[in-house]
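mind looking at a prediction? Sequence and model below.
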Amino acid sequence: MAGPVSFTAEIRHALYALTPNPVEACIQCGTCSASCPLADFMDHSPRQLIAMIRAGQRRAVLASNTFWICASCYQCTVRCPAEIDVARMMYALKRYAIWRNQCEREAVTRDFSRRFMRMVVRTGRSWEPALAPAYLGRRGLRGVLDEARVAAGLLWHGRLPLWPRRIRRRQALRRVLRHIVPVGGRS
Ligand code: SF4
Ligand code: SF4
């Protein structure tokens, strides 16, 4: 009887659905980390994260902020000599962490991802007035005033709707999203 699937194999499978090159193809050259504009804000660089996945360090990987910080610029992917789609691996890790409900750190980025995804699933659109207030306080009074100024400008120019708009055929969108993210928790 087959034993439990290892963490490395789970991530490899998640990545295989998107790209044929699994993390085992990584030669640890560090090009992805050197190319990453956000590496300074990550507690583990993309190269280190791949090494940790290969070492089966599930807990440390899921506790890392790296994949939540990733801005999906795809610099790492286009420069990787082993043709590993590092950016999509970051997406795979987000989905995995949410699916397994194993986000061990109260990260703003993780919380924001969840709120954003819920809103898109519900309405088909992003609506900033519902997303922003939860984070305004974290930047202090100066941050609140800055955001209020930006919001006033957007409102003035009609770029910030006062009420959330919903798209038509939301069920069709949800069906598409279910293939990408585990909408509604564990699946
Ligand atoms: S660029 Fe590719 S091969 Fe090099 S460390 Fe990053 S993932 Fe590995
Ligand atoms: S896609 Fe993410 S990990 Fe890759 S270079 Fe951009 S920010 Fe860094």
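Received it, and whenever you're ready, just let me know what you need. Ligands and ions are numbered 1, 2, ... in the order given.

who in this protein is up against ligand 1?
With C-beta under 6 Å from any ligand atom as the criterion, the chain meets ligand 1 at residues 26-32, 46-47, 50, 80-82, 84, 86. C-beta here means a position set from N, CA and C on the backbone, and glycine is covered the same way.

out of those residues, which sit inside helices?
Judged by DSSP state H, the residues of the chain next to ligand 1 include 31-32, 46-47, 50, 86 as members of helices.

in terms of secondary structure, what does the lowest-mean-pLDDT helix or strand in the chain contact?
Across the helices and strands of the chain, mean pLDDT, DSSP states H and E gives its lowest value to helix 133-136, namely a mean of 71. Applying 3 or more C-beta pairs under 8 Å, 6 or more residues apart in numbering; DSSP states H and E, one finds that helix 133-136 makes contact with helix 108-123, helix 140-156.

close to ligand 2, is the first one?
No - Helix 108-123 stays out of contact with ligand 2 when judged by C-beta under 6 Å from any ligand atom, the minimum separation being 11.7 Å.

is it true that residue 64 touches residue 43?
Yes - the pair residue 64 and residue 43 qualifies as a contact (C-beta atoms under 8 Å) at a distance of 5.6 Å.
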